[in-house]
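Undergrad: For reference, the sequence and a predicted model appear below.
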Amino acid sequence: MIKTALLTTVLLLLNFQKPTIDTDKDRWKPYYVDAVPAVVASNWVLPFDVSNRKDIKQIKVISIFGDHRDSFYKGHIHTAIDINPLKPKTSLIGVYPIAKGVVCSVHLAENQRTVVVKHKLADGKVMFTSYKHLKEVYVSQGQQVTEQTKLARLFTKQESKKYGGDYHHLHLEIRKNFDDYGCASWLTMNQKQLDQRFYNPLIFLKTKLKS
Ligand SMILES: [Zn+2]
């Protein structure tokens, strides 16, 4: 009897265990393709169609990297910057890669829909950029892209209201790796995990836009 009760307790505990990057990543692997970027990413620009894509002042930062978050998964750390163009040219805001690369993942559904681009660097290493909260996606896995390829468009303020009103911006991640297949975006719970996979996008952009 005691044994059964113990077993039941253990099973219950296992069942209610909080998801972690390691336990959740396999769910997102099917959305990933191991595509190879055709060219080296050398020119880095802002992800929007603004008058000067090398000018960091042409974006408005709504939320900073490393912030505490209770949305989607309670207590996670914000792995991105949330941004919009300072002066949008049109009401429908297009999203573009910040450098040349290949689309390696399109995952999640509406209001969290995400495109990930893999970039090859001059030293042969790879890195990734991730674009989240996309209303419409125009690319697919395995597609080579340049700074001019329109990946997607953002939610309008009106469309965002359907989900509580906080999705009409780009959640931009700059990633050292993508071994979590995307779930680290909402399951990063401490500084070590943050440093393991993510660059501070604002610092990254400020440095790279000058080159
Ligand atoms: Zn965000």
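TA: Received the coordinates, thanks. Numbers count the residues shown, from 1 in each chain.
Undergrad: Next one: Pro30 from Tyr199, what distance?
TA: 26 Å (CB to CB, to the nearest Å). Bear in mind the C-beta positions are built from the backbone N, C-alpha and C, glycine included.
Undergrad: Regarding the residue nearest the centre of the chain, what is its secondary structure?
TA: For the chain, the residue nearest the mean C-alpha position is Ser130 (3.3 Å; CA atoms, centre = their mean). Following DSSP: H, G, I helix; E, B strand; the rest coil, we place Ser130 in the strand state.
Undergrad: now swap in Lys135 and tell me
TA: strand.
Undergrad: number of nearby residues for it?
TA: 19 (other CB atoms under 10 Å).
Undergrad: ok, Pro30 and Tyr199, which is more surrounded?
TA: Each of Pro30 and Tyr199 has its neighbours counted (other CB under 10 Å); Tyr199 has more, 20 against 10.
Undergrad: State the helix or strand in which the closest residue to the more buried one other than its chain neighbours lies.
TA: Distances taken as CB to CB, 6 or more residues apart in numbering put Ile174 closest to Tyr199, at 4.3 Å, once the chain neighbours are dropped. Element membership of Ile174 [criterion: DSSP states H and E] is strand 170-175.
Undergrad: per-residue confidence averaged over that strand?
TA: Taken as a whole, strand 170-175 carries a mean pLDDT of 98.
Undergrad: I'd like to know which elements the helix or strand following that strand is packed against.
TA: The C-terminal neighbour of strand 170-175 among helices and strands, as given by DSSP H and E, is helix 184-187. Packing partners of helix 184-187 (3 or more CB pairs under 8 Å, 6 or more residues apart in numbering; DSSP states H and E): helix 21-24.
Undergrad: what's the spacing between the helix it packs on and its chain's center?
TA: 17 Å (CA atoms, centre = their mean, to the nearest Å).
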